[in-house]
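*Asks:* Could you look at this predicted model? Sequence included:
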Amino acid sequence: MKKSLVLAPGPTQVPPEVLAATAKPTIHHRTPQFETLFGEVSCKLCDVFQTKSPVVIFSASGTGAMESAVVNLLSAGDTVLTVEAGKFGERWGELCKAFGVNSVAVKAEYGEVVTAAQVEAALRANPGAKAVFATLCETSTGVLSPIEEFAKVVAKSEAVLVVDGVSGLAADVLRTDAWGVDVVIAGSQKALMMPPGLAFAAISEKAQGLMARSKLPKYYWSWPKAIKNLRDNTTAYTPAVNMIYGLAAACDMLLAEGMESVWARHARLAHAMRAAAQAIGLEIFAKAPSNTVTSIRVPAGVDGGKIPKIMRDKHGVTIAGGQGTMKGNIFRFAALGWCNDFDVTTALTALEYTLNELGHAVEPGKAVSAAIAAMQSPVPAAV
């Protein structure tokens, strides 16, 4: 008998309550019944996003919502800053380039973090910059960006701060309004505990002001259309109706737990995974580790590409390998969304099996014991 467990940084495990909600009978999207559902879920989303600004919904992946930010905020020839310390930060630069926007990269090496001082210096050097594009959790490296500090710096300028929260939303702390973040992008298949298929953008008043001056082409991605329809509890185009049912159920679960508790749970599980890795002599790759995903260096002499493959195909636990230049050099765990202590200990048991099978000797139970001890102890304040 083989059971499967997903501890990859998306798609993640989907609770049965959410799956059951997506299986409800489909209703027409131009009906009072759908408007009631959509209005209710929009309010719940604002609580999850920690904002009073509109949160628009697209039937798309998170990258679609990222593209929507570029085309709704900018015009060809505009200058922006892109915070790049991994594959998803680099995606902001690629999107801007595709639309003729001048992207000035503010960089750090993979595993390192871009500082607020770097962003501040780049804004001084580019005083006409219209936006700063950043990433809450750089999923490819496991690095957490200092978004609150970025927001303080960007607030002193005319630029807006746009944050890719696709993986990090509802896992790492993000206080959108309290910190002054202008746009937050997210996707359904990460800590929101849903299948892939929905993308979101929370849009502040400052961002809406810039939106009104944008001249880049947009049709499906139009924020003005989306916001106008949102006021009537509907969407500009046909939504993924059954995914909206699932979204309502997922938001109910998150809000019943409470966002502070959701963040604390992710912090505790991530702390446990880091403690487990270090207990068996492995090195955490990220210098500023996120609670969304834990990146671990492949030990010397081990074929890094085989770790995720053996864990998935032999032991039924899906994790992720490295991306780009990190392929074969790191592997990534994510106790993300619908995860608890026993998911972590199961995955770590599979890791112990796998490393021993690959010739890297690990004392059975050592990683698991370290994780249990960490989960039963207070999480350090900095985590």
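*Replies:* Cool, got the structure. This one's a predicted model, so the numbers in the text were calculated from it and none came from an experiment.
*Asks:* Spatially nearest residue to G197, not counting backbone neighbours?
*Replies:* Across the structure, with C-beta to C-beta, 6 or more residues apart in numbering as the measure, the residue nearest G197 apart from its sequence neighbours is M243 (5.0 Å). For the C-beta atoms, the positions are set from N, CA and C on the backbone; glycine is no exception.
*Asks:* Provide a list of residues in contact with that neighbour.
*Replies:* By C-beta atoms under 8 Å, 6 or more residues apart in numbering, the residues touching M243 are T22, S59, S188, M194, P195, G197, L198.
*Asks:* With secondary structure, distance to G111 and pLDDT as extra columns, can I get those in CSV?
*Replies:* As requested, those are exported to CSV (DSSP: H, G, I helix; E, B strand; the rest coil; distance: C-beta to C-beta, whole Å; pLDDT from 0 to 100):
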residue, secondary structure, distance to G111, pLDDT
T22, helix, 37, 98
S59, strand, 35, 98
S188, coil, 28, 98
M194, coil, 30, 98
P195, coil, 31, 97
G197, coil, 31, 97
L198, strand, 31, 98
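*Asks:* now, which of the residues you listed sits nearest G86?
*Replies:* Comparing the contacts of M243 against G86 with C-beta to C-beta places S188 closest, at 21.5 Å.
*Asks:* Phi first, then psi, for the closest one.
*Replies:* With angles defined as degrees, to the nearest 10, S188 sits at phi -80, psi -20.
*Asks:* can you tell me how far the residue positioned nearest the centre of the chain sits from L269?
*Replies:* Computing the C-alpha centroid of the chain and ranking residues by C-alpha atoms, centre = their mean puts S167 first, at 1.3 Å. Spatial separation of S167 from L269 under the definition C-beta to C-beta, to the nearest Å is 15 Å.
*Asks:* average pLDDT for the helix or strand where N356 lies?
*Replies:* Here N356, judged by DSSP states H and E, is contained in helix 341-357. For helix 341-357, the per-residue pLDDT values average out at 98.
*Asks:* Enumerate the positions of it that are buried.
*Replies:* For helix 341-357, the neighbour count (16 or more other C-beta atoms under 10 Å) marks 341, 343-355 as buried.
*Asks:* Which single one of those residues is nearest to N229?
*Replies:* The closest of these, once distances to N229 are taken by C-beta to C-beta, is D343, at 38.3 Å.
*Asks:* Check whether the closest one really touches L7, as I assumed.
*Replies:* Yes - D343 lies in contact with L7 (C-beta atoms under 8 Å); the separation is 6.5 Å.
*Asks:* Keeping just the C-alphas, turn the lengthiest helix in the chain into PDB.
*Replies:* Ranked by number of residues, the top helix in the chain under DSSP state H is helix 259-279. Backbone C-alpha positions of helix 259-279 (Å, rounded to 0.1, in the frame of the first residue of the first chain) are rendered in PDB as follows:
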ATOM      1  CA  MET A 259      -4.400  34.800  10.500                       C
ATOM      2  CA  GLU A 260      -2.100  35.300  13.500                       C
ATOM      3  CA  SER A 261      -2.400  31.600  14.300                       C
ATOM      4  CA  VAL A 262      -2.000  30.600  10.700                       C
ATOM      5  CA  TRP A 263       1.300  32.500  10.500                       C
ATOM      6  CA  ALA A 264       2.400  31.100  13.800                       C
ATOM      7  CA  ARG A 265       1.700  27.500  12.600                       C
ATOM      8  CA  HIS A 266       3.700  28.000   9.500                       C
ATOM      9  CA  ALA A 267       6.600  29.500  11.600                       C
ATOM     10  CA  ARG A 268       6.500  26.500  14.000                       C
ATOM     11  CA  LEU A 269       6.600  23.900  11.300                       C
ATOM     12  CA  ALA A 270       9.300  25.700   9.300                       C
ATOM     13  CA  HIS A 271      11.400  26.100  12.400                       C
ATOM     14  CA  ALA A 272      11.000  22.300  13.000                       C
ATOM     15  CA  MET A 273      12.100  21.500   9.500                       C
ATOM     16  CA  ARG A 274      15.200  23.700   9.800                       C
ATOM     17  CA  ALA A 275      16.000  22.200  13.200                       C
ATOM     18  CA  ALA A 276      15.600  18.700  11.800                       C
ATOM     19  CA  ALA A 277      17.900  19.400   8.800                       C
ATOM     20  CA  GLN A 278      20.600  20.900  11.000                       C
ATOM     21  CA  ALA A 279      20.400  18.000  13.500                       C
END
